[in-house]
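Student: no sequence for this one, just the structure:
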């Protein structure tokens, strides 16, 4: 078992060191998420809210763990504290992003014991386990490397300055993209309403077993393709840089509705 630093044992970090560790933690969080999605879905997705390989929510969460949890000698308190910190950070992050874009970036509504879809017990337990693992095995290694690099003063400051500069540029660029995306949500919601109306019409046909001419079936298919193309053109012509948000956060787009209506069309054709 790796020995913890205890309070007063010399774990005293400067602001620059905390800032540097924020970038390290943010990168590691991003790397874990990308690896998880690649293993589960066999595809690469840049899961960060920013353009670069970084997830600031992990950076803030692990800094709080480092400040208030790391160094405790009680495993249960480490688990509980990590779960609590990560859950609070996730809740605040979700609420802030919803206020900015008026859309959910993730949604746990279908998972038991959730709070308004922003947080849920299952992931809180995962965060607790993850925080415990980090405190016991990962944090001591990171702090040791950080201490060694801190001795190379000029390099440490240069790296921190470079990370900070790139981070600020990335934040500004990403928020400009987010606000542009927000301005287009009226159009996206209109497309979603058209799709839902079409889906309701197909469902009515299926339930009522309405006999239709072949041309009416083709009209339904044509309408679906028209709406789908309208959505595709909006993303490719007006929101090319913002398309990445729809890959990272499916709740922002209407891909699920497209799949649902497409399946209803197939059922309709098979039924008739």
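Tutor: Sure thing, it's come through. What you see is a predicted model, and the numbers here were worked out from it, not measured in a lab. Numbers count the residues shown, from 1 in each chain.

Student: all helices for the stretch 101-250 of the chain, in order.
Tutor: 121-133, 139-150, 153-183, 185-208, 214-233, 243-248 (DSSP state H, counting those that start in this stretch).

Student: can you name every helix or strand that the third one contacts?
Tutor: If I follow you right, that is helix 153-183. For helix 153-183, the elements it packs on are helix 15-41, helix 75-101, helix 139-150, helix 243-248, judged by 3 or more Cβ pairs under 8 Å, 6 or more residues apart in numbering; DSSP states H and E. No exception for glycine: its C-beta is placed from N, CA and C like everyone else's.

Student: with distance to residue 228 added, can I get the ones you listed in CSV?
Tutor: Output for the helices and strands packed on helix 153-183, formatted as CSV (distance: least, Cβ to Cβ, whole Å):
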stretch, distance to residue 228
helix 15-41, 22
helix 75-101, 23
helix 139-150, 47
helix 243-248, 14
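
Student: of all these, which one is nearest residue 161?
Tutor: helix 15-41 (9.4 Å; Cβ to Cβ).

Student: what element comes up after the closest one heading to the C-terminus?
Tutor: For helix 15-41, the following helix or strand on the C-terminal side (DSSP states H and E) is helix 56-68.

Student: contacting residues around that next one?
Tutor: Contacts of helix 56-68 with the rest of the structure, by Cβ atoms under 8 Å, 6 or more residues apart in numbering, involve 18, 21-23, 25-26, 28-30, 49-50, 81-82, 85-86, 89-90, 93, 127, 131, 134-135, 139.

Student: next, the angle from it to helix 75-101.
Tutor: Angle of helix 56-68 versus helix 75-101, following axes from the mean of the first three to the mean of the last three Cα atoms, to 10 degrees, is 140 degrees.

Student: low-confidence ranges, the stretch 101-250 of the chain, go.
Tutor: 101, 205-215, 247-250 (pLDDT under 70).

Student: and stretch 129-147, what's buried?
Tutor: Within stretch 129-147, the residues that qualify as buried are 130-132, 134-135, 138-140, 142-143, counting by 16 or more other Cβ atoms under 10 Å.

Student: fine by me, thanks again.
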